[in-house]
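**Q** Okay, structure incoming, though there's no sequence with it:
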């Protein structure tokens with residue numbers, strides 16, 4: 001509710017006093033009294049405290065009846081109210097915060113930006129690390145920095161799902177914090193919807209374009225060991241041989257997904273990349289749960305999804321066409337920047353002893 005009635009304010013104040021100055025209890029009783037199903041939709045604790053202060057000062061919980069700006073401008077009282085609300089719940093959206101505080105959304109937004117100097121930061125989506133992962137990540141990065149002067153000889157690979165209704169909408173994931181204090185929160189959110197599964201491989205010198213896992217009727221199929229090896233034999237190896245950047249010094253990287261690490265798959269890759277395989281069971285062991293260390297995850301998939309959905313494809317065919325077009329449009333200069341960022345990530349991972357990389361952000 002954007003504005004509470006006088007009777008509702010009076011009930012909240014009375015409930016507050018009857019509960020021995022407990023806002024939490026007052027909110028629950030308020031929900032019960034007015035049949036509000038979610039506690040978030042009730043007046044916030046800060047708003048109840050404001051009503052109590054106003055009642056003690058004026059014997060009324062109503063807003064200032066003068067034509068002045070108590071609800072419609074950035075008064076000191078409103079600024080303090082928003083600041084207190086942020087301390088209690090920094091994740092709440094502007095719209096819900098304004099409704100809970102009984103203030104216009106535009107005023108709340110102006111207070112956040114102009115008075116409190118806060119900025120909204122996107123939440124990073126990362127995989128949760130297990131205790132043993134930290135040393136494995138650090139050791140991997142140390143090995144990569146010692147073994148390679150640059151990552152130009154490495155071909156990175158992976159597959160990703162592209163959902164017809166779009167990717168995770170990070171525009172809805174915000175955390176308000178002072179502008180120079182990005183909290184860099186992480187959030188995992190699964191997404192289940194109609195999709196295509198596309199595989200790509202890239203290096204700083206070029207890219208192996210999109211391969212879609214599908215049957216002869218162009219229907220999406222699951223990626224198992226058989227389908228993955230078929231792709232390697234029938235698509236990847238011939239395409240790679242055509243690329244000028246492929247030499248006897250080329251390394252191949254893949255993550256530890258089960259189809260990638262089946263015995264037959266590893267044997268096939270070892271034949272084509274002798275002593276130059278980065279993978280689980282490879283010549284350099286790939287650390288589990290480390291998408292932040294591969295350009296496929298920290299760059300390619302996010303970049304493609306930001307482009308592919310701009311035209312809101314309505315069919316699977318249109319979605320695939322967008323993917324192929326955007327992959328083809330990736331420039332050599334951009335791939336070089338990705339390579340430099342990859343090396344910086346290895347250095348930062350060593351510095352942070354294998355923890356998540358909070359200080360390395362790739363910007364297009």
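**A** The structure has been received and is ready for your questions. Remember, predicted model here, so these are calculated numbers, not experimental data.
**Q** which intervals of the protein have sub-threshold pLDDT?
**A** Flagging of the chain using pLDDT under 70 yields the residue ranges 1-3, 63-72, 121-127, 166-193, 358-364.
**Q** one more time with 50, if that's ok
**A** Counting by pLDDT under 50, the chain shows low-confidence ranges at 1-2, 65-69, 167-173, 187-191.
**Q** Now do the strands in the stretch 201-350 of the chain.
**A** Per DSSP state E, counting those that start in this stretch, the stretch 201-350 of the chain carries strands over the ranges 206-212, 251-253, 277-278.
**Q** Around residue 235, how many other residues sit close by?
**A** 15 (other CB atoms under 10 Å). Glycine gets a C-beta too; all of them are placed from N, C-alpha and C.
**Q** contacting residues for it?
**A** residue 211 (CB atoms under 8 Å, 6 or more residues apart in numbering).
**Q** what's the distance between it and residue 281?
**A** Applying CB to CB, to the nearest Å, the value for residue 235 to residue 281 is 22 Å.
**Q** And for residue 329?
**A** Counting by CB to CB, the gap from residue 329 to residue 281 is 35 Å.
**Q** ok, those two, which is more surrounded?
**A** Neighbours were counted for residue 329 and for residue 281 using other CB under 10 Å; residue 281 has more, 16 against 9.
**Q** quick one: the more buried one and residue 266 touch, right?
**A** Yes - when contacts are counted by CB atoms under 8 Å, residue 281 is listed as touching residue 266 (5.2 Å).
**Q** Report the residue ranges of every domain in this protein.
**A** What automatic domain parsing lists as the domains of the chain is 6-116, 133-351.
**Q** and residue 357, which of those domains is closest to it?
**A** Each of the domains of the chain has some distance to residue 357 by CB to CB; the shortest is domain 133-351, at 5.1 Å.
**Q** That closest one: how far from the chain's middle?
**A** Per CA atoms, centre = their mean, to the nearest Å, the displacement of domain 133-351 from the mean C-alpha position of its chain is 16 Å.
**Q** Pipe the strands of the stretch 201-350 of the chain into CSV and attach mean neighbour count and distance to residue 28 per row.
**A** Below are those laid out as CSV (neighbours: other CB atoms under 10 Å; distance: least, CB to CB, whole Å):
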stretch, mean neighbour count, distance to residue 28
strand 206-212, 19, 52
strand 251-253, 23, 54
strand 277-278, 22, 55
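**Q** Looking at the ones you listed, spot the one closest to residue 134.
**A** Going by CB to CB, the one of those nearest residue 134 is strand 277-278, 19.1 Å.
**Q** Just name whatever secondary elements the closest one is in contact with.
**A** Applying 3 or more CB pairs under 8 Å, 6 or more residues apart in numbering; DSSP states H and E, we find strand 277-278 packed against strand 251-253, helix 263-272.
**Q** which of the ones you listed is buried the deepest?
**A** Among the helices and strands packed on strand 277-278, strand 251-253 has the highest mean neighbour count (mean count of other CB atoms under 10 Å), at a mean of 23.
**Q** Now do that one: everything it contacts.
**A** Contacts for strand 251-253 (CB under 8 Å, 6+ apart): 153-157, 269, 272-273, 276-279, 286, 294.
**Q** For the residues you listed, work out which two are farthest apart.
**A** 272 and 294 (19.7 Å).
**Q** Can you tell me which of the contacts of strand 251-253 is nearest residue 14?
**A** Nearest to residue 14 among the contacts of strand 251-253, with distances taken as CB to CB, is residue 294, at 59.0 Å.
**Q** how far out from the middle of the chain is stretch 53-62?
**A** Using CA atoms, centre = their mean, the offset of stretch 53-62 from its chain centre is 44 Å.
**Q** Start and end of that stretch, how far apart?
**A** End-to-end distance of stretch 53-62 (CA to CA, to the nearest Å): 11 Å.
**Q** do stretch 244-259 as well
**A** 28 Å.
**Q** Which of the residues in it are classified as buried?
**A** By 16 or more other CB atoms under 10 Å, the buried positions in stretch 244-259 come out as 246, 250-256, 259.
**Q** quick check, nearest of these to residue 84?
**A** Using CB to CB, these come closest to residue 84 at residue 255, 45.0 Å.
**Q** separation between the residue lying closest to residue 148 once chain neighbours are set aside and residue 350?
**A** In space, and not counting its chain neighbours, residue 148 is closest to residue 154: 7.2 Å by CB to CB, 6 or more residues apart in numbering. In this view, residue 154 and residue 350 are 18 Å apart by CB to CB.
**Q** Between those two, which has more neighbouring residues?
**A** Neighbour count, other CB under 10 Å: between residue 154 and residue 350, residue 154 has more, with 23 against 17.
**Q** Surely that one and residue 278 touch.
**A** Yes - counting by CB under 8 Å, residue 154 sits close enough to residue 278 to count as a contact (7.0 Å).
**Q** Can I get the helices and strands packed on strand 277-278 in TSV including distance to residue 319?
**A** As requested, the helices and strands packed on strand 277-278 are exported to TSV (distance: least, CB to CB, whole Å):
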stretch	distance to residue 319
strand 251-253	26
helix 263-272	28
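**Q** Quick one: closest of these to residue 52.
**A** Of all the helices and strands packed on strand 277-278, strand 251-253 sits nearest to residue 52, with 60.8 Å by CB to CB.
**Q** all helices for the stretch 101-250 of the chain, in order.
**A** Listed in chain order, the helices found in the stretch 101-250 of the chain under DSSP state H, counting those that start in this stretch are 105-110, 133-147, 225-231, 237-242.
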